[in-house]
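*Asks:* predicted structure and sequence below. I'll ask about it afterward.
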Amino acid sequence: MDNLDSIVATLIGWLTLYGVKIIAALLIFFIGKWVARKLGDVTKKVMVSREIDPALVNFASSLVYYALLVIVVIAALGQVGIQTASFVAIVGAAGLAIGLAMQGSLSNFAAGVLIIIFKPFKIGDYVEMAGTAGVVENIMIFTTEMKTPDNKKIIVPNSSVLGGVITNYSANDTRRVDLVMGIGYDDDISKAKQVLEEIINTDERILKDPAPLIAVSELADSSVNFAVRPWVKSADYWPVYFALTETVKKRFDQEGISIPYPQQDVHLHKIES
């Protein structure tokens, strides 16, 4: 009977000691998790109110939440009596091992952070990078998603994005349309230039400042080439490019101005036998 009383007393003492610690650890975990989520939401609301890039908002709020959650877990384990110093060392060693095994993923992660911070492009920009071109649809931690003009989805690792040249066609409000229009050597250069100027001046999408350039740029093998370089809003680039090409062909045909194509004259000489 004395042994039973001793066992019961020991069990009650153990439950009293560790039960309180377990309850305290659970309270720390659940309350800490709630606080971490609230702080993540507050971080997101503050950044949204300041009109910060959505990709950076999601990344920062998630980072705040998970960083605080790690602290909460360590605090809860410490309350139970687990040596958190050893736990932190184990987590650090495991992180190092995982980092060595995932060097490629970590480089993509680091590149994603740099893209979000320095913003070489944003969602909606038309860019050329990593050997492909398209509209940026999503900037994530490890990859960047793009949509090509023919509606293909391209997923590019962020390390590949920062590892090469990035051409952002949407970075500026205006762009220059570069066209080369050739006429025949027998055609009137002044008349052709006048026709080109009329075409440029009648298109309301073409900007007056900077002024468009129309000048003879080359005496080619089969043609006299004009450089036609008007400035337009970035959104009007391709519509103006295609419209000018078609309009110039129609007007040159109406005005009797030829658009030559490469050709060769072959002369045959009869040799007396």
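*Replies:* Everything's here; your move. Residues are numbered from 1 along each chain as shown.
*Asks:* the helices in this structure, which residues?
*Replies:* Ranges of helices within the chain are 2-14, 20-49, 54-80, 84-101, 103-118, 158-162, 189-202, 237-255, based on DSSP state H.
*Asks:* of all those helices, which one is nearest residue 179?
*Replies:* Evaluated over the helices of the chain, closeness to residue 179 peaks at helix 237-255, with 6.2 Å, by CB to CB. Using the backbone N, CA and C atoms, a C-beta is placed for each residue, glycine as well.
*Asks:* rewinding a little: what's the most buried one of the helices of the chain?
*Replies:* Highest mean neighbour count of the helices of the chain: helix 158-162, a mean of 21 (counted as mean count of other CB atoms under 10 Å).
*Asks:* tell me where the model's unsure across this structure.
*Replies:* Within the chain, the stretches with pLDDT under 70 are 1-20, 51-56, 59, 80-105, 262-265, 267, 273.
*Asks:* domain ranges for it?
*Replies:* 2-101, 121-168, 174-255 (automatic domain parsing).
*Asks:* using TSV, please lay out the helices of the chain together with distance to residue 169.
*Replies:* Shown next, in TSV, are the helices of the chain (distance: least, CB to CB, whole Å):
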stretch	distance to residue 169
helix 2-14	70
helix 20-49	27
helix 54-80	19
helix 84-101	36
helix 103-118	17
helix 158-162	15
helix 189-202	22
helix 237-255	8
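*Asks:* among these, which comes closest to residue 142?
*Replies:* Using CB to CB, the nearest of the helices of the chain to residue 142 is helix 103-118, at 4.4 Å.
*Asks:* helices or strands up against the closest one?
*Replies:* Applying 3 or more CB pairs under 8 Å, 6 or more residues apart in numbering; DSSP states H and E, one finds that helix 103-118 contacts helix 54-80, strand 132-139, strand 143-147, strand 153-157, helix 158-162.
*Asks:* right, and these - which one's nearest residue 245?
*Replies:* Distance to residue 245, taken as CB to CB, is lowest for strand 132-139 among the helices and strands packed on helix 103-118, at 20.3 Å.
*Asks:* residues of that closest one that come out buried?
*Replies:* Residues 134, 135, 136, 139 are the ones in strand 132-139 that count as buried (16 or more other CB atoms under 10 Å).
*Asks:* next, the residue nearest to residue 182 when sequence neighbours are not counted: phi, psi?
*Replies:* Leaving aside its chain neighbours, residue 182 sits nearest to residue 223 (3.3 Å; criterion: CB to CB, 6 or more residues apart in numbering). Backbone torsions for residue 223, taken as degrees, to the nearest 10, come to phi -150, psi 160.
*Asks:* residue 223 against residue 180, yeah?
*Replies:* No - between residue 223 and residue 180 there is no contact under CB atoms under 8 Å: 9.3 Å.
*Asks:* residues near the residue nearest to residue 182, how many?
*Replies:* Other residues lying near residue 223 total 20 when counted by other CB atoms under 10 Å.
*Asks:* now residue 167
*Replies:* 13.
*Asks:* now do the same contact list for the residue nearest to it when sequence neighbours are not counted.
*Replies:* Distance criterion CB to CB, 6+ apart; nearest residue to residue 167, sequence neighbours excluded, is residue 128 at 4.1 Å. Residue 128 makes contact with 166, 167, 169 under the criterion CB atoms under 8 Å, 6 or more residues apart in numbering.
*Asks:* before we move on, what about residue 36?
*Replies:* 64, 65, 68, 69, 72.
*Asks:* now do the second one against residue 77, distance only.
*Replies:* So the one you mean is residue 65. 19 Å (CB to CB, to the nearest Å).
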